[in-house]
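> kindly generate the corresponding structure for this input.
(one chain, ligands or ions: 2)
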Amino acid sequence: MRGAFSLLESCQIPCTRFLSTTFRFSRGCYPMQRPIKHNTLCFCRNVQTFTREVVKASYLSTPQTKPSKHTDQPSEKVESIGAFQKLPMVMPSVDILQSALRKAKRVLPTKGIANIAKRERNRGAKQLDALMKELAIPLRGYLENFPKRIYLHPYERSLIELTFGAGHYEEVLKKVDALRKKVVSVGKEHASLCAQSLSKREAEERLNEGLEKLQEIFKREGQAVDNLLYIAKILRAMPVVDLEMPTLCLVGAPNVGKSSLVRLLSTGKPEVCNYPFTTRGILMGHIAIDYQHFQVTDTPGLLKRCDEDRNNLEMLTLAVLSHLPTAILYVHDLSGECGMSPSDQFMVYKEISKRFGDHLWLDVISKCDLLKESPVVFITEDGEADHLELAKYRKIGPEGAIRVSVKNEEGVNELTKKVHELLMAQMGRISSKSVQDSVQVT
Ligand SMILES: Nc1nc2c(ncn2[C@@H]2O[C@H](COP(=O)(O)OP(=O)(O)O)[C@@H](O)[C@H]2O)c(=O)[nH]1
Ligand SMILES: [Mg+2]
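Ligands and ions are numbered 1, 2, ... in the order given. Just a heads-up that it's a prediction; the model follows:
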(Lines give C-alpha, C1' and ligand atoms only; values in the text may rest on other atoms or scores of the structure.)
(Ligands and ions follow the chains in the order given, each with its own letter.)
Protein backbone atom coordinates (compact mmCIF):
# COMPACT_ATOMS: atom_id res chain seq x y z
CA MET A 1 0.00 0.00 0.00
CA ARG A 2 2.81 2.34 0.86
CA GLY A 3 5.26 0.62 -1.45
CA ALA A 4 5.75 3.57 -3.74
CA PHE A 5 7.19 5.50 -0.87
CA SER A 6 9.48 2.82 0.43
CA LEU A 7 12.48 4.54 -1.14
CA LEU A 8 11.93 7.61 0.93
CA GLU A 9 11.26 5.45 3.92
CA SER A 10 14.46 3.51 3.58
CA CYS A 11 16.37 6.77 3.24
CA GLN A 12 14.85 7.98 6.51
CA ILE A 13 14.62 11.51 5.22
CA PRO A 14 14.25 14.01 8.03
CA CYS A 15 11.02 15.85 7.74
CA THR A 16 12.24 19.39 7.39
CA ARG A 17 11.16 19.54 3.76
CA PHE A 18 7.93 17.70 4.30
CA LEU A 19 6.75 19.21 7.49
CA SER A 20 3.16 19.65 6.57
CA THR A 21 2.30 15.98 6.52
CA THR A 22 4.62 14.02 8.73
CA PHE A 23 3.26 11.39 11.05
CA ARG A 24 4.30 8.61 13.30
CA PHE A 25 2.73 5.60 14.92
CA SER A 26 3.04 4.53 18.48
CA ARG A 27 3.93 1.28 20.07
CA GLY A 28 2.00 0.18 23.14
CA CYS A 29 -1.60 0.74 24.02
CA TYR A 30 -3.19 4.09 23.47
CA PRO A 31 -3.64 5.31 27.01
CA MET A 32 0.15 5.51 27.20
CA GLN A 33 1.28 8.54 25.31
CA ARG A 34 4.98 8.83 24.88
CA PRO A 35 7.10 11.82 24.09
CA ILE A 36 8.83 11.38 20.79
CA LYS A 37 12.09 12.50 19.35
CA HIS A 38 10.47 13.59 16.14
CA ASN A 39 13.66 14.82 14.59
CA THR A 40 14.66 11.25 13.93
CA LEU A 41 11.28 9.74 13.27
CA CYS A 42 9.48 11.93 10.80
CA PHE A 43 9.07 11.28 7.13
CA CYS A 44 7.00 12.73 4.38
CA ARG A 45 3.40 11.87 3.60
CA ASN A 46 2.45 8.27 3.17
CA VAL A 47 5.67 6.99 4.62
CA GLN A 48 5.32 5.09 7.83
CA THR A 49 8.16 5.39 10.27
CA PHE A 50 10.46 2.59 11.17
CA THR A 51 8.80 2.16 14.53
CA ARG A 52 5.98 0.46 12.72
CA GLU A 53 5.85 -2.41 10.28
CA VAL A 54 4.69 -1.37 6.82
CA VAL A 55 1.81 -3.63 5.93
CA LYS A 56 1.87 -4.84 2.41
CA ALA A 57 -1.44 -5.13 0.67
CA SER A 58 -2.28 -8.78 1.01
CA TYR A 59 -5.34 -10.93 1.05
CA LEU A 60 -3.69 -13.23 3.52
CA SER A 61 -4.25 -12.77 7.17
CA THR A 62 -1.31 -11.26 9.03
CA PRO A 63 -0.57 -12.38 12.55
CA GLN A 64 -1.73 -9.97 15.21
CA THR A 65 -1.15 -10.10 18.91
CA LYS A 66 -4.30 -11.29 20.59
CA PRO A 67 -5.82 -9.86 23.74
CA SER A 68 -5.51 -11.98 26.83
CA LYS A 69 -8.30 -14.53 27.12
CA HIS A 70 -8.78 -13.71 30.75
CA THR A 71 -9.53 -10.04 30.38
CA ASP A 72 -11.68 -7.79 28.29
CA GLN A 73 -9.08 -5.05 28.47
CA PRO A 74 -6.86 -4.46 25.46
CA SER A 75 -3.56 -6.28 25.85
CA GLU A 76 -0.56 -3.99 26.02
CA LYS A 77 0.93 -5.61 22.95
CA VAL A 78 -2.04 -4.96 20.67
CA GLU A 79 -0.91 -2.31 18.24
CA SER A 80 -4.11 -0.65 17.27
CA ILE A 81 -2.97 2.89 16.71
CA GLY A 82 -2.95 3.72 13.05
CA ALA A 83 -5.19 0.68 12.67
CA PHE A 84 -6.77 1.91 9.46
CA GLN A 85 -3.50 1.59 7.59
CA LYS A 86 -3.16 -2.00 8.76
CA LEU A 87 -6.50 -3.26 7.53
CA PRO A 88 -6.23 -6.31 5.29
CA MET A 89 -7.25 -6.17 1.65
CA VAL A 90 -10.68 -7.72 1.24
CA MET A 91 -11.54 -9.73 -1.88
CA PRO A 92 -14.97 -9.19 -3.46
CA SER A 93 -17.30 -12.03 -2.47
CA VAL A 94 -17.75 -13.11 -6.08
CA ASP A 95 -13.98 -13.53 -6.46
CA ILE A 96 -13.70 -15.53 -3.24
CA LEU A 97 -16.44 -17.85 -4.48
CA GLN A 98 -15.01 -18.30 -7.97
CA SER A 99 -11.53 -18.96 -6.66
CA ALA A 100 -12.81 -21.42 -4.02
CA LEU A 101 -14.88 -23.33 -6.58
CA ARG A 102 -11.96 -23.57 -8.98
CA LYS A 103 -9.65 -24.92 -6.29
CA ALA A 104 -12.23 -27.35 -4.87
CA LYS A 105 -13.02 -28.85 -8.27
CA ARG A 106 -9.34 -29.61 -8.81
CA VAL A 107 -9.19 -31.81 -5.70
CA LEU A 108 -8.66 -35.49 -6.62
CA PRO A 109 -9.70 -38.60 -4.68
CA THR A 110 -7.12 -40.28 -2.48
CA LYS A 111 -4.87 -42.50 -4.56
CA GLY A 112 -5.28 -46.28 -4.55
CA ILE A 113 -9.06 -46.57 -3.99
CA ALA A 114 -10.13 -49.24 -6.45
CA ASN A 115 -13.84 -49.35 -5.63
CA ILE A 116 -15.65 -46.81 -7.82
CA ALA A 117 -18.32 -45.90 -5.25
CA LYS A 118 -15.74 -45.50 -2.52
CA ARG A 119 -13.54 -43.41 -4.77
CA GLU A 120 -16.41 -41.18 -5.76
CA ARG A 121 -17.58 -40.54 -2.22
CA ASN A 122 -13.99 -39.87 -1.18
CA ARG A 123 -13.65 -37.34 -4.00
CA GLY A 124 -17.00 -35.71 -3.16
CA ALA A 125 -16.24 -35.39 0.55
CA LYS A 126 -12.78 -33.97 -0.16
CA GLN A 127 -14.09 -31.46 -2.67
CA LEU A 128 -16.81 -30.25 -0.32
CA ASP A 129 -14.34 -29.99 2.52
CA ALA A 130 -11.97 -28.00 0.26
CA LEU A 131 -14.73 -25.63 -0.84
CA MET A 132 -15.78 -25.05 2.73
CA LYS A 133 -12.20 -24.25 3.76
CA GLU A 134 -11.48 -22.02 0.75
CA LEU A 135 -14.57 -19.98 1.59
CA ALA A 136 -14.13 -19.86 5.35
CA ILE A 137 -10.40 -19.17 5.63
CA PRO A 138 -10.39 -15.68 4.02
CA LEU A 139 -13.36 -14.72 6.17
CA ARG A 140 -11.56 -15.87 9.28
CA GLY A 141 -8.55 -13.80 8.19
CA TYR A 142 -10.69 -10.68 7.91
CA LEU A 143 -12.29 -11.29 11.28
CA GLU A 144 -8.88 -11.68 12.90
CA ASN A 145 -7.41 -8.60 11.27
CA PHE A 146 -10.22 -6.09 11.41
CA PRO A 147 -9.74 -4.68 14.89
CA LYS A 148 -12.56 -4.96 17.36
CA ARG A 149 -13.98 -1.69 18.61
CA ILE A 150 -12.31 -1.90 22.00
CA TYR A 151 -8.86 -2.23 20.44
CA LEU A 152 -9.22 0.94 18.40
CA HIS A 153 -8.02 4.33 19.55
CA PRO A 154 -11.04 6.36 20.73
CA TYR A 155 -10.42 8.87 17.96
CA GLU A 156 -10.52 6.10 15.37
CA ARG A 157 -13.70 4.79 16.97
CA SER A 158 -15.26 8.23 16.57
CA LEU A 159 -14.20 8.39 12.93
CA ILE A 160 -15.81 5.01 12.26
CA GLU A 161 -19.05 6.10 13.88
CA LEU A 162 -19.12 9.44 12.11
CA THR A 163 -18.44 7.76 8.77
CA PHE A 164 -20.70 4.72 8.87
CA GLY A 165 -23.08 5.42 11.75
CA ALA A 166 -23.06 3.89 15.21
CA GLY A 167 -22.79 0.10 15.25
CA HIS A 168 -22.53 -0.45 11.47
CA TYR A 169 -18.88 -1.58 11.54
CA GLU A 170 -19.57 -4.17 14.24
CA GLU A 171 -22.75 -5.28 12.46
CA VAL A 172 -20.88 -5.99 9.23
CA LEU A 173 -18.17 -7.97 11.06
CA LYS A 174 -20.90 -9.93 12.82
CA LYS A 175 -22.52 -10.81 9.49
CA VAL A 176 -19.20 -11.92 8.03
CA ASP A 177 -18.72 -14.17 11.05
CA ALA A 178 -22.25 -15.56 10.69
CA LEU A 179 -21.52 -16.36 7.03
CA ARG A 180 -18.27 -18.08 7.98
CA LYS A 181 -20.01 -20.21 10.59
CA LYS A 182 -22.78 -21.17 8.17
CA VAL A 183 -20.28 -22.14 5.47
CA VAL A 184 -18.37 -24.32 7.94
CA SER A 185 -21.44 -26.11 9.30
CA VAL A 186 -23.16 -26.64 5.93
CA GLY A 187 -19.87 -27.68 4.32
CA LYS A 188 -19.17 -30.24 7.03
CA GLU A 189 -22.71 -31.57 6.94
CA HIS A 190 -22.68 -32.14 3.18
CA ALA A 191 -19.16 -33.59 3.16
CA SER A 192 -20.29 -36.08 5.80
CA LEU A 193 -23.44 -36.98 3.84
CA CYS A 194 -21.36 -37.49 0.74
CA ALA A 195 -18.93 -39.72 2.63
CA GLN A 196 -21.85 -41.98 3.58
CA SER A 197 -23.12 -42.47 0.02
CA LEU A 198 -23.71 -46.06 -1.01
CA SER A 199 -23.17 -45.72 -4.75
CA LYS A 200 -21.17 -43.67 -7.23
CA ARG A 201 -24.35 -41.96 -8.40
CA GLU A 202 -25.45 -41.06 -4.91
CA ALA A 203 -22.00 -39.67 -4.12
CA GLU A 204 -22.14 -37.50 -7.26
CA GLU A 205 -25.60 -36.24 -6.37
CA ARG A 206 -24.57 -35.41 -2.81
CA LEU A 207 -21.47 -33.64 -4.05
CA ASN A 208 -23.53 -31.49 -6.43
CA GLU A 209 -26.10 -30.78 -3.74
CA GLY A 210 -23.37 -29.67 -1.35
CA LEU A 211 -21.66 -27.49 -3.96
CA GLU A 212 -24.94 -25.82 -4.84
CA LYS A 213 -25.90 -25.27 -1.22
CA LEU A 214 -22.58 -23.63 -0.37
CA GLN A 215 -22.74 -21.42 -3.46
CA GLU A 216 -26.29 -20.42 -2.66
CA ILE A 217 -25.36 -19.39 0.89
CA PHE A 218 -22.31 -17.46 -0.24
CA LYS A 219 -24.19 -15.66 -3.00
CA ARG A 220 -27.03 -14.79 -0.66
CA GLU A 221 -24.96 -13.58 2.28
CA GLY A 222 -21.72 -12.56 0.58
CA GLN A 223 -22.90 -8.94 0.59
CA ALA A 224 -21.44 -8.73 4.11
CA VAL A 225 -17.97 -9.32 2.64
CA ASP A 226 -18.54 -6.63 0.03
CA ASN A 227 -19.67 -4.24 2.76
CA LEU A 228 -16.47 -5.00 4.64
CA LEU A 229 -14.48 -4.31 1.50
CA TYR A 230 -16.17 -0.92 1.22
CA ILE A 231 -15.48 -0.11 4.87
CA ALA A 232 -11.80 -1.00 4.52
CA LYS A 233 -11.47 1.11 1.38
CA ILE A 234 -12.94 4.18 3.07
CA LEU A 235 -10.96 3.74 6.28
CA ARG A 236 -7.67 3.25 4.48
CA ALA A 237 -8.22 6.52 2.64
CA MET A 238 -8.86 8.41 5.88
CA PRO A 239 -6.43 11.24 6.60
CA VAL A 240 -3.54 9.96 8.65
CA VAL A 241 -3.24 11.79 11.92
CA ASP A 242 -0.58 11.18 14.50
CA LEU A 243 -2.60 10.13 17.49
CA GLU A 244 0.08 10.96 20.02
CA MET A 245 1.82 14.02 18.66
CA PRO A 246 1.09 17.21 20.63
CA THR A 247 -1.43 19.03 18.50
CA LEU A 248 -2.49 22.64 18.34
CA CYS A 249 -6.17 22.62 17.56
CA LEU A 250 -7.85 25.77 16.25
CA VAL A 251 -11.42 26.05 17.43
CA GLY A 252 -14.10 28.66 16.88
CA ALA A 253 -17.12 29.54 14.79
CA PRO A 254 -17.05 29.11 10.99
CA ASN A 255 -15.14 31.82 9.05
CA VAL A 256 -13.46 33.35 12.07
CA GLY A 257 -10.04 32.85 10.46
CA LYS A 258 -8.94 29.41 11.72
CA SER A 259 -7.58 28.15 8.40
CA SER A 260 -5.78 31.43 7.79
CA LEU A 261 -4.05 31.04 11.16
CA VAL A 262 -3.14 27.40 10.47
CA ARG A 263 -1.42 28.58 7.29
CA LEU A 264 0.30 31.36 9.19
CA LEU A 265 1.54 29.12 11.99
CA SER A 266 2.51 26.04 9.96
CA THR A 267 6.16 25.55 9.22
CA GLY A 268 5.39 23.95 5.86
CA LYS A 269 2.39 24.11 3.57
CA PRO A 270 -0.58 22.55 5.35
CA GLU A 271 -2.31 19.61 3.74
CA VAL A 272 -6.03 19.59 3.07
CA CYS A 273 -7.53 16.51 4.75
CA ASN A 274 -10.79 15.21 3.39
CA TYR A 275 -12.91 13.09 5.67
CA PRO A 276 -15.66 11.01 4.03
CA PHE A 277 -18.34 12.77 6.05
CA THR A 278 -17.14 16.33 5.50
CA THR A 279 -17.74 18.50 2.50
CA ARG A 280 -14.97 20.95 3.31
CA GLY A 281 -11.37 19.85 3.76
CA ILE A 282 -9.63 20.38 7.05
CA LEU A 283 -6.18 21.90 7.10
CA MET A 284 -3.44 19.97 8.82
CA GLY A 285 0.01 21.44 9.16
CA HIS A 286 3.09 21.06 11.29
CA ILE A 287 5.11 23.31 13.53
CA ALA A 288 8.77 22.62 14.21
CA ILE A 289 10.34 24.06 17.35
CA ASP A 290 13.90 23.10 18.30
CA TYR A 291 13.71 19.84 16.37
CA GLN A 292 10.42 18.95 18.03
CA HIS A 293 7.43 18.55 15.77
CA PHE A 294 3.84 19.36 16.48
CA GLN A 295 0.65 19.09 14.50
CA VAL A 296 -1.51 22.13 13.91
CA THR A 297 -5.02 21.56 12.72
CA ASP A 298 -8.07 23.40 11.67
CA THR A 299 -11.41 22.11 12.89
CA PRO A 300 -14.85 22.56 11.38
CA GLY A 301 -16.57 25.59 12.92
CA LEU A 302 -18.85 25.14 15.90
CA LEU A 303 -22.32 26.65 15.89
CA LYS A 304 -24.50 27.63 18.81
CA ARG A 305 -26.58 24.52 19.41
CA CYS A 306 -26.73 21.43 21.57
CA ASP A 307 -24.89 18.21 20.80
CA GLU A 308 -27.98 16.39 19.54
CA ASP A 309 -28.30 18.94 16.76
CA ARG A 310 -24.65 19.02 15.83
CA ASN A 311 -23.68 17.71 12.40
CA ASN A 312 -20.80 15.32 11.71
CA LEU A 313 -18.44 18.21 11.05
CA GLU A 314 -19.01 19.62 14.51
CA MET A 315 -18.82 16.16 16.03
CA LEU A 316 -15.42 15.76 14.41
CA THR A 317 -14.23 18.89 16.21
CA LEU A 318 -15.42 17.47 19.52
CA ALA A 319 -13.77 14.12 18.76
CA VAL A 320 -10.44 15.83 18.02
CA LEU A 321 -10.63 17.75 21.29
CA SER A 322 -11.74 14.71 23.27
CA HIS A 323 -9.32 12.12 21.96
CA LEU A 324 -6.16 13.74 20.60
CA PRO A 325 -3.49 15.35 22.80
CA THR A 326 -4.59 18.84 21.91
CA ALA A 327 -3.86 22.31 23.16
CA ILE A 328 -6.58 24.73 22.09
CA LEU A 329 -6.17 27.94 20.14
CA TYR A 330 -9.62 29.44 20.37
CA VAL A 331 -10.34 31.99 17.66
CA HIS A 332 -12.84 34.80 18.21
CA ASP A 333 -14.00 37.16 15.49
CA LEU A 334 -15.38 40.26 17.17
CA SER A 335 -15.65 42.11 13.87
CA GLY A 336 -18.81 40.20 13.04
CA GLU A 337 -17.41 39.53 9.58
CA CYS A 338 -17.65 35.76 10.08
CA GLY A 339 -21.45 35.90 10.18
CA MET A 340 -21.91 34.76 13.78
CA SER A 341 -22.56 37.46 16.34
CA PRO A 342 -20.06 37.91 19.20
CA SER A 343 -22.85 36.99 21.65
CA ASP A 344 -23.39 33.64 19.95
CA GLN A 345 -19.65 33.07 19.75
CA PHE A 346 -19.51 33.84 23.46
CA MET A 347 -22.14 31.19 24.24
CA VAL A 348 -20.27 28.52 22.28
CA TYR A 349 -17.00 29.63 23.83
CA LYS A 350 -18.43 29.30 27.34
CA GLU A 351 -19.67 25.81 26.60
CA ILE A 352 -16.41 24.61 25.07
CA SER A 353 -14.29 26.14 27.81
CA LYS A 354 -16.45 24.41 30.41
CA ARG A 355 -16.17 21.12 28.58
CA PHE A 356 -12.48 21.21 27.70
CA GLY A 357 -11.26 23.48 30.48
CA ASP A 358 -8.54 20.98 31.37
CA HIS A 359 -6.80 21.64 28.03
CA LEU A 360 -3.95 24.07 27.64
CA TRP A 361 -5.55 27.07 26.05
CA LEU A 362 -4.87 30.31 24.21
CA ASP A 363 -7.43 32.84 23.02
CA VAL A 364 -7.02 34.85 19.84
CA ILE A 365 -9.05 37.78 18.54
CA SER A 366 -8.77 37.47 14.78
CA LYS A 367 -9.15 40.10 12.05
CA CYS A 368 -8.09 42.93 14.35
CA ASP A 369 -7.39 45.04 11.24
CA LEU A 370 -11.15 45.17 10.78
CA LEU A 371 -11.79 45.98 14.42
CA LYS A 372 -9.85 49.19 14.26
CA GLU A 373 -11.56 50.30 11.09
CA SER A 374 -15.20 49.61 11.80
CA PRO A 375 -16.32 47.33 14.58
CA VAL A 376 -19.60 45.84 13.45
CA VAL A 377 -22.48 46.13 15.89
CA PHE A 378 -25.13 43.47 15.43
CA ILE A 379 -28.65 44.83 15.42
CA THR A 380 -29.86 41.39 16.45
CA GLU A 381 -27.86 41.55 19.67
CA ASP A 382 -30.20 41.34 22.61
CA GLY A 383 -29.64 44.19 25.04
CA GLU A 384 -31.18 42.33 27.99
CA ALA A 385 -28.76 39.45 27.80
CA ASP A 386 -25.95 41.94 27.62
CA HIS A 387 -24.56 41.29 31.06
CA LEU A 388 -21.19 42.48 32.16
CA GLU A 389 -19.13 39.50 31.07
CA LEU A 390 -20.65 39.54 27.62
CA ALA A 391 -20.22 43.27 27.28
CA LYS A 392 -16.56 42.87 28.13
CA TYR A 393 -16.25 39.97 25.69
CA ARG A 394 -17.73 41.98 22.87
CA LYS A 395 -15.30 44.76 23.50
CA ILE A 396 -12.01 43.01 24.17
CA GLY A 397 -12.72 39.28 24.01
CA PRO A 398 -11.70 36.88 26.78
CA GLU A 399 -9.11 37.90 29.34
CA GLY A 400 -5.57 37.70 27.96
CA ALA A 401 -6.62 37.14 24.34
CA ILE A 402 -4.05 38.05 21.71
CA ARG A 403 -5.19 40.37 18.94
CA VAL A 404 -4.02 39.20 15.55
CA SER A 405 -4.47 40.06 11.91
CA VAL A 406 -3.20 37.89 9.10
CA LYS A 407 -3.80 40.84 6.76
CA ASN A 408 -1.50 43.42 8.38
CA GLU A 409 0.43 40.88 10.50
CA GLU A 410 -0.36 42.66 13.74
CA GLY A 411 0.20 40.40 16.75
CA VAL A 412 1.72 37.63 14.65
CA ASN A 413 5.05 37.55 16.51
CA GLU A 414 3.38 37.49 19.89
CA LEU A 415 1.02 34.75 18.76
CA THR A 416 3.85 32.62 17.39
CA LYS A 417 5.81 32.97 20.62
CA LYS A 418 2.80 32.08 22.78
CA VAL A 419 1.90 29.14 20.56
CA HIS A 420 5.42 27.76 20.87
CA GLU A 421 5.27 28.07 24.66
CA LEU A 422 1.88 26.39 24.67
CA LEU A 423 3.10 23.48 22.57
CA MET A 424 6.20 22.95 24.67
CA ALA A 425 3.94 22.90 27.74
CA GLN A 426 1.69 20.38 25.98
CA MET A 427 4.73 18.26 25.25
CA GLY A 428 5.65 18.38 28.94
CA ARG A 429 2.13 17.31 29.87
CA ILE A 430 2.27 14.32 27.55
CA SER A 431 5.66 13.28 28.91
CA SER A 432 4.54 13.40 32.51
CA LYS A 433 1.32 11.56 31.69
CA SER A 434 3.35 8.92 29.95
CA VAL A 435 5.56 8.51 33.04
CA GLN A 436 2.47 8.27 35.26
CA ASP A 437 0.93 5.65 32.98
CA SER A 438 4.05 3.53 32.90
CA VAL A 439 4.30 3.70 36.71
CA GLN A 440 0.69 2.49 36.90
CA VAL A 441 1.39 -0.39 34.51
CA THR A 442 4.47 -1.65 36.40
N1 LIG B 1 -9.54 41.30 7.22
C2 LIG B 1 -9.17 40.10 7.63
N3 LIG B 1 -9.76 39.02 7.09
C4 LIG B 1 -9.37 37.80 7.51
C5 LIG B 1 -8.35 37.64 8.50
N6 LIG B 1 -8.20 36.30 8.72
C7 LIG B 1 -9.05 35.68 7.91
N8 LIG B 1 -9.75 36.55 7.17
C9 LIG B 1 -10.77 36.27 6.17
O10 LIG B 1 -11.87 35.62 6.80
C11 LIG B 1 -12.45 34.65 5.94
C12 LIG B 1 -12.53 33.32 6.65
O13 LIG B 1 -11.23 32.89 6.95
P14 LIG B 1 -10.88 31.34 7.17
O15 LIG B 1 -9.45 31.29 7.59
O16 LIG B 1 -11.27 30.53 6.00
O17 LIG B 1 -11.85 31.01 8.38
P18 LIG B 1 -12.26 29.59 9.02
O19 LIG B 1 -13.55 29.19 8.41
O20 LIG B 1 -12.40 29.86 10.47
O21 LIG B 1 -11.17 28.62 8.72
C22 LIG B 1 -11.57 34.63 4.69
O23 LIG B 1 -12.18 35.37 3.70
C24 LIG B 1 -10.28 35.27 5.15
O25 LIG B 1 -9.61 35.92 4.09
C26 LIG B 1 -7.75 38.80 9.04
O27 LIG B 1 -6.87 38.78 9.90
N28 LIG B 1 -8.21 40.01 8.57
MG1 LIG C 1 -11.43 26.73 7.67
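> these two touch, right, residue 408 and residue 369?
Yes - counting by CB atoms under 8 Å, residue 408 does reach residue 369; the two are 4.8 Å apart. (Each C-beta comes from the backbone N, C-alpha and C, glycine too.)
> what about these two, which has more around it?
Neighbour comparison, residue 408 and residue 369: the larger count goes to residue 369, with 16 against 11 (by other CB atoms under 10 Å).
> can you give me the helices for the stretch 251-400 of the chain?
Assigned by DSSP state H, counting those that start in this stretch, the helices in the stretch 251-400 of the chain fall at 258-265, 312-323, 342-355, 368-373, 388-396.
> so which of those gets nearest residue 227?
Closest of the helices of the stretch 251-400 of the chain to residue 227 is helix 312-323, at 20.0 Å (criterion: CB to CB).
> just the buried positions in that closest one, please.
Within helix 312-323, the residues scored as buried using 16 or more other CB atoms under 10 Å are 312-321, 323.
> please report phi then psi for residue 108.
Per-residue torsions, residue 108: phi -100, psi 160 (degrees, to the nearest 10).
> look up which helix or strand the spatially closest residue to it that is not a sequence neighbour falls in, please.
Once flanking residues are discounted, residue 108 sits nearest to residue 123: 6.9 Å by CB to CB, 6 or more residues apart in numbering. Assigned by DSSP states H and E, residue 123 belongs to helix 116-145.
> elements contacting that helix?
helix 93-105, helix 168-195, helix 200-221, helix 223-236 (3 or more CB pairs under 8 Å, 6 or more residues apart in numbering; DSSP states H and E).
> those: which one's closest to residue 136?
helix 168-195 (5.0 Å).
> how about that closest one: buried residues?
169, 172-173, 175-176, 179-180, 182-184, 186-187, 190-191, 193-195.
> between it and helix 116-145, how many degrees?
170 degrees (axes from the mean of the first three to the mean of the last three CA atoms, to 10 degrees).
> and helix 168-195, what does it pack against?
Going by 3+ CB pairs under 8 Å, 6+ apart, helix 168-195 lies up against helix 116-145, helix 200-221, helix 223-236.
> if we can go back for a sec, quick one: contacts for the residue nearest to residue 108?
By CB atoms under 8 Å, 6 or more residues apart in numbering, the contact list for residue 123 reads 107-109, 203, 207.
> ok, back up a step: please identify the deepest-packed of the helices and strands packed on helix 168-195.
Most buried of these, by mean neighbour count (mean count of other CB atoms under 10 Å): helix 116-145, with a mean of 20.
> can you name the element that comes right after that helix?
Following helix 116-145 in sequence, per DSSP H and E, is helix 154-164.
> next, the angle helix 223-236 makes with that following helix.
Using the same axes, to 10 degrees: helix 154-164 against helix 223-236 is 120 degrees.
> tell me the buried residues in helix 154-164?
Buried-residue list, helix 154-164, by 16+ other CB under 10 Å: 155-164.
> now for it, which elements pack on it?
In terms of contacts (3+ CB pairs under 8 Å, 6+ apart), helix 154-164 is packed against helix 223-236, helix 312-323.
> swap the cut-off to 6 Å and go again
Applying 3 or more CB pairs under 6 Å, 6 or more residues apart in numbering; DSSP states H and E, we find helix 154-164 packed against helix 312-323.
> center of this structure, which residue is that?
When CA atoms, centre = their mean is applied to the chain, the residue found nearest the centroid is residue 156 (3.7 Å).
> quick one: residues contacting the residue in the stretch 301-442 of the chain positioned nearest to ligand 2.
Going by CB to the ion, ligand 2 is nearest to residue 301 of the stretch 301-442 of the chain, at 7.2 Å. The contact partners of residue 301, by CB atoms under 6 Å, 6 or more residues apart in numbering, come to 253-254.
> how close does it get to ligand 1?
Noted for residue 301: a distance of 6 Å to ligand 1, by CB to the nearest ligand atom, to the nearest Å.
> what does residue 398 give?
Separation of residue 398 from ligand 1 (CB to the nearest ligand atom): 17 Å.
> neighbours around that residue, how many?
For residue 398, the count of nearby residues is 18 (other CB under 10 Å).
> now it: how far from residue 343?
Noted for residue 398: a distance of 14 Å to residue 343, by CB to CB, to the nearest Å.
> with residue 141 instead?
Distance from residue 141 to residue 343, counting by CB to CB: 56 Å.
> tell me the contacts of the residue of the stretch 251-400 of the chain found nearest ligand 2?
For the stretch 251-400 of the chain and ligand 2, the shortest gap (CB to the ion) falls at residue 259, measuring 3.3 Å. The contact partners of residue 259, by CB under 6 Å, 6+ apart, come to 283, 298.
> same thing but 10 Å
250, 270, 272, 280-283, 285, 298-299, 331, 406 (CB atoms under 10 Å, 6 or more residues apart in numbering).
> do residue 261 as well
Contact analysis of residue 261 by CB under 10 Å, 6+ apart lists 248, 250, 252, 283, 296, 298, 329, 331, 364, 366, 404, 406, 412, 415, 419.
> just the ones in strands from those residues, please.
Counting by DSSP state E, these place 248, 250, 252, 283, 296, 329, 331, 364 in strands.
> no more questions from me, cheers.
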